[in-house]
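1. Sharing a model prediction with you, sequence too.
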Amino acid sequence: MTVTRFAPSPTGYLHIGGLRTALFSYLWAKVNGGKFVLRIEDTDEKRNSKEAAQAIVDAFAWLGFEHDGEITYQSQRKEIYAKYVQQLLDEGKAYKCYMSREELDEIREQQEANNERRRYNGKYRNFEGTPPEGVEPVIRIKAPESGTIVVHDGIKGDVSFEAQDILDDFIIARSDGAATYNFVVAIDDALMGINEVVRGDDHLSNTPKQMIVYEALGFDLPKFYHVPMIHNENGKKLSKRDGATDVMEYKAMGYTPESLLNFLVRLGWSHGDQEIFSMDEMLKLFNPKDINKSASIYNTEKLNWLSAHYIKNMPNDDLAVLLEEYGIMLTSHDKKEIVLDALKERAKTLKELADLVNEVLTAPIEYEEKAMKKAFKGNALEVLTAFADKVNASIELHLPSDYHTLMEATITELEVGFGKIGQPLRVALLGKLSGPGLDDVMAIIGKDETLLRIENLKKVVEE
RNA sequence: GGCCCCAUCGUCUAGCGGUUAGGAUCCAUGGUUUUCAUCCAUGUUACAGGAGUUCAAUUCUCCUUGGGGUCACCA
């Protein structure tokens, strides 16, 4: 069975790059009918927080993907790591290194001066004598000094590293006894049964080190998939400085989970020419072999288009429920269908849709100056008055078509074009020259409000 | 700097030796619409450069250039 994982370090919120990795990882597990587990890498006690871990869980909940089983916290597994450190020590595959930080620094400076690669010199690799006083040792693993290490990557293909270029006896446990990253990931992945590791390709150069740990401990190697980074508009790695990268901020901005997920799945992955993917389709079609090898640049145009697409095609009942998040209560509104039909294809986000609804439901506070100039030429006021009289005289006004009939009647009577009534009326109702269909607007706000808005405008014009 | 990865329209991408290099987005134009938006149609824009291999390279190889990642007692 396929078991994948998402293993964030909770140093802040979940950002868009991490989310995509999580998505790929999740999809790949589920496509194979396997499991997707969540592990919080919180061994750096200074930098992590419970809130951040919670933020990840919240984001998952919003997007609708659940992890299997309990969350694993690395901070609770220290004894396990210590046990394996001891095992390697006992087997002679690791050793205590008493080199002081000062000495290490000195060596590194020296190497830098000689234009050599910075690396530990192996001083205590075969040390037999009496250890120096007053130094708490670190534990280093015996890494191969030569040879080629090949990562068989599901996305990048075979990537080979020369041991002499990249390795030294790296530290697996600090002087305070805490195990280090490259050691614990390997152990956790192996112990948790993760057999397909999907992660960012910034981890590719760590992989040889982890492979050495797997080998030393006799664990089976997982299949690796190193997915390319998402870059910001400047082509750099996405960072916290890049504006709204917190996943939950996308919710606040009014994006739906399906549009965000659809956007992300197409960032780096493709299935022919298809652009629109429901979760069900992703769950059927996703395969890491179709992930691009190159990094992609994050850009919101496509996201906006997708978001608009999903909003346009969403049933009004669903839309009404979602809009409650944004302060719009339409679920039991008698004009719900007209409101949403008239407005949903004009919004790129739920937030925009909410604003549009408010705009229609609220009488204009002011009128655009250029709209006034353009609309109120000639006998505009007369036309508007004639229309208002008709509205006033009508008893049964409910549907958009009812109002449309009155508009038609007005222009026929006065022998003018549609624009002659449309423009002034639009300004009266909305305060500007653009917006949804007038008959829809009037049906939504009703007879009294329509007359009120016309009266309001007439007062302003007559001044 | 060492090592590693990457390179098709501005952006997301299809392509897997022979194509008028396709789609999407964006932009522009036209149509529909009383307006705006939607929708429809049309259009502009790409194989980083140089050597090979081959009858034939966007596609395979190498080099150059450019971009990115990584080199901690962080994860």
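-> The structure has been received and is ready for your questions.

2. and the stretch 251-400 of chain A, which of its residues are near RNA strand B?
-> Within reach of RNA strand B by CB under 7 Å from any atom of the strand, the stretch 251-400 of chain A has these residues: A:266-270, A:272-273, A:275, A:290, A:292-297, A:299, A:301-302, A:304-305, A:308-309, A:312, A:345-346. Using the backbone N, CA and C atoms, a C-beta is placed for each residue, glycine as well.

3. Mind giving me the ChimeraX command for buried ones among the residues you listed?
-> A single ChimeraX command selects the buried members of those (16 or more other CB atoms under 10 Å):
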select /A:266,267,268,269,295,304,308,309
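
4. Now chain A against RNA strand B: closest residue?
-> A:Gly422 (1.7 Å; CB to the nearest atom of the strand).

5. give me the number of residues near that residue?
-> By the criterion of other CB atoms under 10 Å, A:Gly422 has 17 neighbours.

6. Looks to me like it is in a strand.
-> No: counting by DSSP: H, G, I helix; E, B strand; the rest coil, A:Gly422 is not part of a strand but helix.

7. Where do the helices of the stretch 51-200 of chain A begin and end?
-> A:78-90, A:101-113, A:163-166, A:181-191 (DSSP state H, counting those that start in this stretch).

8. actually the stretch 301-450 of chain A, not the one I typed
-> A:316-323, A:336-343, A:350-361, A:369-375, A:380-393, A:400-414, A:418-430, A:438-462.

9. what sits against the residue of chain A closest to RNA strand B?
-> A:Met407, A:Leu438 (CB atoms under 8 Å, 6 or more residues apart in numbering).

10. Next: A:Glu233.
-> Counted by CB under 8 Å, 6+ apart, A:Glu233 has contacts A:Ile297, A:Tyr298, A:Asn299.

11. ok, now which ones touch the last one?
-> Under the criterion of CB under 8 Å, 6+ apart, the contact partners of A:Asn299 comprise A:Glu233.

12. For it, report the pLDDT, please.
-> On the pLDDT scale, A:Asn299 is placed at 91.

13. how close does it get to A:Asn114?
-> Distance, A:Asn299 to A:Asn114, using CB to CB, to the nearest Å: 45 Å.

14. any idea how far A:Ile365 is from the nearest residue to A:Glu368 once chain neighbours are set aside?
-> Spatial nearest neighbour of A:Glu368, excluding adjacent residues (CB to CB, 6 or more residues apart in numbering): A:Lys432 at 4.6 Å. Noted for A:Lys432: a distance of 12 Å to A:Ile365, by CB to CB.

15. what's the neighbour count on A:Val357?
-> Neighbours of A:Val357 (other CB under 10 Å): 25.

16. Let me see the backbone angles for A:Val37.
-> phi -110, psi 160 (degrees, to the nearest 10).

17. Then the one 5 residues further on?
-> With angles defined as degrees, to the nearest 10, A:Asp42 sits at phi -110, psi 40.

18. Ok, A:Glu41 next?
-> phi -90, psi 80.

19. I figured it was touching A:Thr11, is that so?
-> No: in this structure A:Glu41 lies outside contact range of A:Thr11 using CB atoms under 8 Å: 9.4 Å.

20. neighbour count winner among the two?
-> Between A:Glu41 and A:Thr11, A:Glu41 has the larger neighbour count (other CB under 10 Å), namely 19 against 14.

21. Not counting residues beside it along the chain, what's closest to that one?
-> That would be A:Ser9: by CB to CB, 6+ apart, it lies 4.2 Å from A:Glu41.

22. Tell me if I am right that the one you found is in a strand.
-> No: judged by three-state DSSP, A:Ser9 forms no part of a strand; its state is coil.

23. That one touches A:Ser49, doesn't it?
-> No: here A:Ser9 lies out of contact with A:Ser49, judged by CB under 8 Å, at a distance of 10.9 Å.

24. okay, the two: which has more neighbours?
-> Between A:Ser9 and A:Ser49, A:Ser9 has the larger neighbour count (other CB under 10 Å), namely 18 against 13.

25. Can you give me the pLDDT of the more buried one?
-> In this prediction A:Ser9 is given a pLDDT of 89.

26. again with A:Glu352
-> On the pLDDT scale, A:Glu352 gets 97.

27. Okay, now the unreliable bits of the stretch 151-300 of chain A?
-> A:240-241, A:243-244 (pLDDT under 70).

28. residues in contact with the residue nearest to A:Asn195 when sequence neighbours are not counted?
-> If you skip the residues right next to it in sequence, A:Asn195 has A:Pro222 as its closest partner in space, 4.9 Å away by CB to CB, 6+ apart. By CB under 8 Å, 6+ apart, the contact list for A:Pro222 reads A:Asp189, A:Ala190, A:Ile194, A:Asn195, A:Glu196, A:Val197.
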